[in-house]
Each structure stands twice: as structure tokens, then as C-alpha cells.
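Visitor: sequence unavailable; structure follows:
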């Protein structure tokens, strides 16, 4: 196994959950070169994964909006040409969608090389049936699997090795000193409003942290998130809050890595906190933590989930963060 291509295009959380496959492949095949096809917005993060070779950007989201234009046609041709520069011994479609299967189908294969795809729907996945028809071989898995385990198991069964140990995300950060003040990141934004934690609870939680000598940092990626961050900061006290400007994913990785921990709703940035191995409490309004959240069996002793049966109570979140902080030695 000399060269393997991974296809996982989006979104942020899904890309992060697939990262441990890289470490697994390198353990099974120490000389393997691993390339990855991904949407441009997530490419800077994938380039941070230890052991990645080429990161091939595929702007399908943007192309769909202007598919008829000459510029897009030229970009698509350039993408196909780059995808066919190498000969792959295996292509792993970790996305399970028709769009990812079509990308995998365009890769150039080495003699005897095969394209693999997931052969069935698992709980909570957006799997589409054409993926198994477009691949050379489909891998059938038990339906009740954590998303990290799903990618790891699919790759292992496709290429004939055993999954061993907890997942290793392998995100390499740039060396930067920690922030001078003890800082906890509030990941308050998510793509779905029904996953949000109420602003009043963020404010009450922040006020209790201020009394214990903490500062809060709040990222924002849209006007709506900026307004929410401003309201939360005003309620806590602006002098104790840092509203981070909008920044690229590459810069955000480094900035988060300088903090002492993260509390956040079920979102891509919360999953990034897991990949960065930060002390972390992840908030769930629905019973889906078993599928996407940090689990003890994954080795996340200082990363826990709270909630799952309605909006998590303030007391439960405070207690969870206190346990995590004490375990990591970030509180007196």
C-alpha cells in the first residue's frame, strides 16, 4: 500500500471526525503516502494533520452555484487533472454521498487499486445508496457506531488491518505561548438554532467563572454570531471577555490552542477542541452525544458531554467544567 486517497469534503465536524484514519493508515502501512480531497475552507486544517501528503481542494459548493461559467469549467478541469497526477492503490470515500463518490470515481488507480465506499446507512449518517454502486467495493458496517469509529472501521476493513487504541487526530499546532490570563473559549454558535444554549445561561456561567478568576473568549463567524457574542459579553462584563475577530480556520486553530479550555455546543469548533486535545465540555440538547461527542473509551478523560435530554442545566455545566478543570490542573 504505497499511496491512498481519502475523500471527505465537508463539513468541519465531519472532516475532523475522519482525521484519525490518517494515523491508523500510517501505523498499518508505515511507508504509505496519504492524500486528501476536501473543500477549500477546510484545507488549512487538513494540512495540519501529521502524515498528510497532498491536500487537493475541491470547491463543489461554489461550483454548484456557477457551474455554467467558463471560470468554473476551467477550475473543474484543473481539479480533475490534479486528481489524476498520482496512481492510487486505494481510494476511501469516507463521506458516503453521491458527490464524494463521483470525486472518488475520477481518481487514477494503480494496477490492482480499488475504490472503497460505505455500503450501508449508519445511525445519523447522510449516506446515499449510489456510493456503493460507484465504488469498486462497498464495506458494510454495523449501524450503531460513533462517527469516528465508523471512518476508522471502514478504512480498516477495506484495507485489511485492525483498529487499535484510541483515535489520534494528529493536528499539529504552531508553537505559540499560552494566553497570559486563564481563558475559556465559549463556542456559542452552531449551524442549527435548536442546538444553541440560551444566552442567559452563558451569561450566568460566565459570571461564575469571573468570580474564580477566568476570562472568556468568544469566536464568531457571522453577523448573527457577532451580535450574540456581544450580548453575552455585555451580560458578563465586557472587561472580562475577549471578542475574537473573524479569522481563518488556520489562525483559529492556533488561537484556540493557546487557551486553557473550551465549553461549547455541538458544532465544528467544539469538535476542533477535541482534536486539539483541549479540556472541553460539549453541550447537547439531543441524545446524540454517543454518536459525535468525546467518549471515555476514546481516551478523552478531560473531555466530557453534558445534556442530551433537553437543554443542559447551568448547574450540570458548571459541575462538568469544574471536574474537567481540576483533572487537568487548570484551577487551583
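Guide: That came through fine. Not measured: the values here are computed from a predicted model.

Visitor: so how far is residue 268 from the residue nearest to residue 164 when sequence neighbours are not counted?
Guide: Once flanking residues are discounted, residue 164 sits nearest to residue 27: 7.1 Å by CB to CB, 6 or more residues apart in numbering. For the C-beta atoms, the positions are set from N, CA and C on the backbone; glycine is no exception. Residue 27 sits 26 Å away from residue 268 when distances are taken as CB to CB, to the nearest Å.

Visitor: more neighbours: these two, which one.
Guide: Under the criterion of other CB atoms under 10 Å, the comparison of residue 27 against residue 268 puts residue 268 first, with 23 against 16.

Visitor: the residue lying closest to that one once chain neighbours are set aside: neighbouring residues, count only.
Guide: Spatial nearest neighbour of residue 268, excluding adjacent residues (CB to CB, 6+ apart): residue 12 at 3.0 Å. Residue neighbour count, defined by other CB under 10 Å, stands at 19 for residue 12.

Visitor: next up, the contacts around residue 12.
Guide: Contacts for residue 12 (CB atoms under 8 Å, 6 or more residues apart in numbering) come out as 42, 45, 249, 268, 269, 271, 272.

Visitor: what's the first helix or strand after the stretch of helix or strand the fifth one belongs to?
Guide: Secondary-structure assignment from DSSP states H and E places residue 269 in helix 268-275. Downstream of helix 268-275, the first helix or strand assigned by DSSP H and E is strand 280-284.

Visitor: looking at this, residue 145 is in a strand?
Guide: No - using DSSP: H, G, I helix; E, B strand; the rest coil, the secondary structure at residue 145 is coil, not a strand.

Visitor: mean confidence for the helix holding residue 269?
Guide: Taken as a whole, helix 268-275 has a mean pLDDT of 96.

Visitor: got it, and stretch 38-47?
Guide: Averaged over stretch 38-47, pLDDT sits at 96.

Visitor: need the contact partners of it.
Guide: In this structure, residues lying in contact with stretch 38-47 by CB under 8 Å, 6+ apart are 8-12, 15-16, 19, 36, 52, 55-61, 171, 248-250, 253, 272.

Visitor: quick check: buried residues in that stretch?
Guide: By neighbour count on 16 or more other CB atoms under 10 Å, the buried set for stretch 38-47 is 38, 39, 41, 42, 43, 44, 45, 46.

Visitor: what's the end-to-end length of it?
Guide: With CA to CA, to the nearest Å as the measure, the ends of stretch 38-47 fall 10 Å from one another.

Visitor: begin at 257 from here
Guide: With 257 as the first residue, the last one maps to stretch 294-303.

Visitor: now the strands for the stretch 357-506 of the chain?
Guide: Secondary structure of the stretch 357-506 of the chain by DSSP state E, counting those that start in this stretch: the strands cover 365-374, 393-395, 439-443, 471-474, 497-499.
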